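# show me how the following folds:
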Amino acid sequence: MSSSPHKTLVYIISAPSGSGKSTLVNELLKSVSGLEFSISYTTRAPRGSETDGRQYYFVSRPEFETMIRNDEFLEHAEVFGNYYGTARRFLQEAEKNGRDLLLDIDVQGAAQIQKKIPEAISIFILPPNRKTLEERLRKRGEDREEVIQRRLVTAAEEIENYGRYNYILVNDRLEESIEILQSIVRAERWTRSGDVLPADKKTIIEMADNCRLANVGQRLQPILGSFKIGALESARPS
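Numbers count the residues shown, from 1 in each chain. Prediction:
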């Protein structure tokens, strides 16, 4: 069994708005120990019951731009006129505490992280189709019609980047999706630790492997088709 010190793993999770990512991340954090969650900074105003330091750290645009100048972000991007970013300190704290880091970020931020941390494990969450995504966005009741339409256009643009991710998780049935996400996190820990793989964990490894980019194949075609996206011929993780 390996006795090497823990090396912090970085998990990137991206998804179009309305794909159920927040619910999956919350369930993952409840069920898998040793994960630190990076709360993003943003310049947008809080929505509904959102509070500072819980969903986001809400800061002013000048504050955010000062943080950029001070190189305090692992990644940052401007989306719909607002800044979003992941503070570098979260990775430093995870490393100090011997834990893994979970990042909930968009495709722009993910691309930046993948350049800086090539070994990061990236997971893209897809809705089962465009119609379901639109229904979920409407059910939230948060956005005006023009915002919903803009989110659907943005979703298609984001989904075009699926080939840059290690894993593709189609969030169709919630309980099953939660189990799959847990399996991916655990499987990566086992395979990267160098430890002897427990014999009773084979099912978990297989569940994770089924979602690897190289193995999703034809399952993606109807989803991509619903967004009028063609398959990437040379799709592979960055």
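# the helix or strand residue 93 falls within packs against which elements?
Using DSSP states H and E, the element containing residue 93 is helix 89-97. Applying 3 or more C-beta pairs under 8 Å, 6 or more residues apart in numbering; DSSP states H and E, one finds that helix 89-97 contacts strand 35-38, strand 100-104. In this view, the C-beta of every residue, glycine as well, is placed from N, C-alpha and C.
# deepest in the core, which of the ones you listed is it.
strand 100-104 (a mean of 23; mean count of other C-beta atoms under 10 Å).
# and that strand, C-alpha only, in CSV?
C-alpha atoms of strand 100-104 as CSV (Å, rounded to 0.1, in the frame of the first residue of the first chain):
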residue,chain,number,x,y,z
ASP,A,100,-9.0,17.7,-2.4
LEU,A,101,-10.5,20.8,-4.1
LEU,A,102,-13.8,21.0,-5.9
LEU,A,103,-14.3,23.8,-8.3
ASP,A,104,-17.8,24.7,-9.7
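# can you redo the helices and strands packed on helix 89-97 as CSV with mean pLDDT?
Putting the helices and strands packed on helix 89-97 into CSV (pLDDT from 0 to 100) gives the following:
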stretch, mean pLDDT
strand 35-38, 94
strand 100-104, 95
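# by how many degrees do the helix holding residue 93 and strand 100-104 diverge?
160 degrees (axes from the mean of the first three to the mean of the last three C-alpha atoms, to 10 degrees).
# thinking again about what came up before, got the helices and strands packed on helix 89-97 as TSV, with distance to residue 167 columns?
Output for the helices and strands packed on helix 89-97, formatted as TSV (distance: least, C-beta to C-beta, whole Å):
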stretch	distance to residue 167
strand 35-38	16
strand 100-104	14
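# buried residues in the helix holding residue 93, which are they?
By neighbour count with 16 or more other C-beta atoms under 10 Å, helix 89-97 contains the buried residues 90, 91, 94.
# just the closest of those to residue 176, please.
residue 94 (28.3 Å; C-beta to C-beta).
# residue contacts, that closest one?
Applying C-beta atoms under 8 Å, 6 or more residues apart in numbering, one finds that residue 94 lies in contact with 8, 36, 100, 101.
# do residue 37 as well
Per C-beta under 8 Å, 6+ apart, neighbours of residue 37: 25, 29, 102, 104.
# switch to 7 Å and redo it
29, 102 (C-beta atoms under 7 Å, 6 or more residues apart in numbering).
# with residue 161 instead?
residue 107.
# returning to that earlier point: out of the helices and strands packed on helix 89-97, which is closest to residue 145?
strand 100-104 (26.5 Å).
# the helix or strand just after the closest one vs strand 100-104, what angle?
On the C-terminal side of strand 100-104, the closest following helix or strand by DSSP H and E is helix 107-116. Angle between the axes of helix 107-116 and strand 100-104 is 150 degrees (criterion: the same axes, to 10 degrees).
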